[in-house]
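A.B. asks: Below are the sequence and a predicted model for it; my questions follow.
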Amino acid sequence: MPNGSVIHWAPYRLFGTQGESESSLEGLGASVIFGDEATQYPDEFFDHTLERTSQPSVHIVTGQQYPSSQVVWLSRPASDTRFVDIARAHHKAGLSGSVILSRTRDVQTPEFLEKMRRTHSKAHFDAVTQEVAWATMPINGAIFSDFKPEEWPEGNLLSLDLDKSHPTYLAIDPGVTTTSCLWIQVHNVLGSPLAVVVDEWHPNTPTSTQDVVREASRRSYNLTEVIIDPAADSRTRAAGLATEARILARQPNEDPDGLGPGLGVEVRSVIPQSRRGVRDGVYRLLARFCAADGTRSLVVRRALWDAATQERGIRFSLQNYKWDPQTGDPLKGQRGRHADHCIDALRYWMCLNAWHGPATLTQQARPRLGGPKARPTTPRNTARRVKRRAR
């Protein structure tokens, strides 16, 4: 360039047997690094680009020098938004910067948008154009590819006013730093019983049983039942002490051993032997999302899906849950990008409450002590809300 700057385009190379220090970035000292297709990079790449930008930035026209270097990570919408999460984490740690969401409508005509709308599926259109902010696309081979992010009954999203007084299940998959909690309600919509995931919580910090109790109490749903991983009723971790399941079942003012109070509702953690297989449970979940006859009896509240921000949340997990090509089971932990925790919580609920299909989706109101009074949802009122949105 006229001011002496050099723009160098190069592929990012790192063989599977090499560490990040052996990548094609090693030894580079740059003012600015642009990393395109950022969803394709390993996590180490993002720290490495920050380390390699050691030179001051220079304005290409005026020649003015700026003391700080710059890194820009770019990508089109995909199921992977790690680079955005990493950028936000760096901002929290004190680095300056911005996260910029660009939309097709900013640079294209309405006619172009309408042409795309006619030629793409809803999920693809929302992701590519960002008409739904931060919409992501399922990865190839995702287990729940039959989940359609469209309005029920054609899809698995339901525009439903959130009613915390409605009887609500809380499904939990506990973990030290991978706890997943889902709040699920059953509504009768246009004569069909629908299970609706209405809320979620997936903390990435160390989480105790009392953290779950505090969060559930803060959200103040009319809990009628808690479903938790069968391992949560095991005494193997601390012989002689109360288990997680038994602590959760305590009353809000009950703390006989200093381990804390509970939620004051029934807690179930025992799954029948015939329903414990992960693959069998996943196949049943698939049928709840879309049965062979086209019936969709398990949906997500649209506002929760559209505003999803949690990296292990319901939208991320449904789009990233994959089979392990070696074992034939779903990928778990880091290999599966931790999508299994949210799905496990949903699977536990389904095993105990919807194993045999939509006809079994019933729920009796059992208000907790001191909790809000349950207000039953009538089919007519719920149907009226859905129809009004459809218009």
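C.D. replies: Nice, I can see it. Because the structure is a prediction, the values reported are computed rather than measured.

A.B. asks: Please make it C-alpha for all contacts and neighbour counts, starting now.
C.D. replies: Will do.

A.B. asks: Which residue would you name as the spatial centre of this structure?
C.D. replies: By Cα atoms, centre = their mean, the chain has its centre lying nearest to residue 313, at 1.6 Å.

A.B. asks: Low-confidence ranges, the stretch 101-250 of the chain, go.
C.D. replies: Along the stretch 101-250 of the chain, segments meeting pLDDT under 70 span 119-124, 137-141, 234-241.

A.B. asks: Equivalent analysis for the stretch 251-391 of the chain, please.
C.D. replies: Along the stretch 251-391 of the chain, segments meeting pLDDT under 70 span 309-310, 358-391.

A.B. asks: Let's see that with 50 instead.
C.D. replies: Low-confidence segments of the stretch 251-391 of the chain (pLDDT under 50): 364-391.

A.B. asks: Quick one: the strands in it, in order.
C.D. replies: All strands of the stretch 251-391 of the chain, identified by DSSP state E, counting those that start in this stretch, fall at 266-268, 298-301.

A.B. asks: Just tell me which of those ends up closest to residue 97.
C.D. replies: Residue 97 lies closest to strand 298-301 among those, at 32.8 Å (Cα to Cα).

A.B. asks: Contacts made by that closest one with the rest, please.
C.D. replies: 152, 156-160, 194-199, 288-289 (Cα atoms under 8 Å, 6 or more residues apart in numbering).

A.B. asks: Can I get it as CSV, trimmed to CA atoms?
C.D. replies: Coordinates of each C-alpha in strand 298-301 appear next as CSV, following Å, rounded to 0.1, in the frame of the first residue of the first chain:
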residue,chain,number,x,y,z
LEU,A,298,-43.3,-31.2,21.9
VAL,A,299,-42.5,-27.6,21.1
VAL,A,300,-40.5,-24.6,22.3
ARG,A,301,-42.0,-21.2,23.2
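
A.B. asks: quick one: strands adjacent to it?
C.D. replies: In the sheet, strand 298-301 lines up against strand 157-158 (parallel), strand 192-201 (parallel) (DSSP bridges).

A.B. asks: just those strands: most buried one?
C.D. replies: Each of the strands paired with strand 298-301 was scored by mean neighbour count; the highest is strand 157-158, a mean of 26, by mean count of other Cα atoms under 10 Å.

A.B. asks: okay, the strands of the stretch 251-391 of the chain, which one's buried deepest?
C.D. replies: strand 298-301 (a mean of 26).

A.B. asks: How far does stretch 260-269 sit from its chain's centre?
C.D. replies: With Cα atoms, centre = their mean, to the nearest Å as the basis, stretch 260-269 stands 25 Å off its chain's centre.

A.B. asks: and residue 229, how many neighbours does it have?
C.D. replies: Using other Cα atoms under 10 Å, residue 229 has 23 neighbouring residues.

A.B. asks: do residue 254 as well
C.D. replies: Residue 254: 16 surrounding residues under other Cα under 10 Å.

A.B. asks: Provide a list of residues in contact with residue 348.
C.D. replies: Counting by Cα under 8 Å, 6+ apart, residue 348 touches 171, 227, 228, 229, 271.

A.B. asks: Quick check: the gap between it and residue 227.
C.D. replies: Using Cα to Cα, to the nearest Å, residue 348 is found at 7 Å from residue 227.

A.B. asks: overlap in contacts of these two?
C.D. replies: Common contact partners of residue 348 and residue 227 (Cα under 8 Å, 6+ apart): residue 171.

A.B. asks: which residues sit against stretch 133-149?
C.D. replies: By Cα under 8 Å, 6+ apart, the residues outside stretch 133-149 that reach it are 77-80, 101, 122-124, 126-127, 154-157, 286, 289-290, 306-307, 318-323.

A.B. asks: Helices along the chain, start to end?
C.D. replies: Using DSSP state H, the helices of the chain run over 43-52, 82-92, 110-119, 122-129, 209-219, 244-248, 278-289, 302-306, 314-320, 340-353, 379-390.
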